[in-house]
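Novice: need a 3D model of the following:
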Amino acid sequence: MINTVQGFNPTYYHKQQQSAPAAKTPEQSPSLMEIKPWIPKMKEVIHKSRYAAPNMTDQDWVLLACSEALKSPAGWGRVGAVLVKNGKMMGKGASVGGLRIHAEMDALKNAGTLGHPELNKDVTAYVTLQPCNFRDSGVPFKSCCHYLAESGVKKVVFAGVDPRVGEKGLDYLRSHGIQVEQIQDPKIQALGEKIFNLLDTPIPSSWRKELC
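Specialist: Reported below is the predicted structural model:
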């Protein structure tokens, strides 16, 4: 069971950017060094997704989403998403604009299926962090859960947990007939959370090149 919290403050993400620590070099970031051993595996699943996609496991697809998350700009929580239909990747995305463009929305836009449930009925969304659901907290635009529900994806598989969101967003997805599942590997769960919390920590350019 995912831990829940009372309420969710959407201004957290703005404060997150304002109060983020000064950028560190990779050598100064223990979190970055904990992520480093995963880079070869991410590179491997990128290759596998191109040439042997039907053999990809849920863990593989989530790691592919993690590679996308590392492409998110500094200053916000880094999240990645991959859309898969019948073993084939339909689209991928990363959080690129703070509150307004999150990974799930970016992936749906890149797949050309945002707001088109007829195109997503067999689609699974793999996400590095559980989808946010803050619209009911006063934010005047849709959250990731709303976009996923309106777009009619069949299933959501996520890695890390955001304790500020709790079960509310997952319950929202379930209420719209969407299957929800957390990846069972605790190391991959922790990886999604570590990537999200990098904030202003710079991503080495060598990693970006490897994960193209």
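
Novice: CA atoms for contacts and neighbours, from now on please.
Specialist: Fine.

Novice: check which element follows the worst-scoring helix or strand of the chain on mean pLDDT along the chain.
Specialist: When the helices and strands of the chain are scored by mean pLDDT, DSSP states H and E, helix 12-19 comes last with a mean of 42. The first helix or strand that comes after helix 12-19 along the chain, using DSSP states H and E, is helix 30-35.

Novice: surely K48 and P54 touch.
Specialist: No: in this structure, K48 is not within contact of P54 by Cα atoms under 8 Å, at 9.0 Å.

Novice: more neighbours, these two?
Specialist: Residue environment comparison for K48 versus P54 gives the larger neighbour count to K48, 17 against 13, counting by other Cα atoms under 10 Å.

Novice: secondary structure class for that one?
Specialist: For K48, the secondary-structure state derived from DSSP: H, G, I helix; E, B strand; the rest coil is helix.

Novice: for it, which residues are in contact?
Specialist: Under the criterion of Cα atoms under 8 Å, 6 or more residues apart in numbering, the contact partners of K48 comprise 55-56.

Novice: next one: E150
Specialist: Going by Cα under 8 Å, 6+ apart, E150 touches 115-117.

Novice: distance of it from L108?
Specialist: Separation of E150 from L108 (Cα to Cα, to the nearest Å): 11 Å.

Novice: what about D171, which helix or strand?
Specialist: When secondary structure is defined by DSSP H and E, D171 falls within helix 168-175.

Novice: C-terminal to that helix, what's the next element?
Specialist: On the C-terminal side of helix 168-175, the nearest following helix or strand under DSSP H and E is strand 179-182.

Novice: perfect, that will be all.
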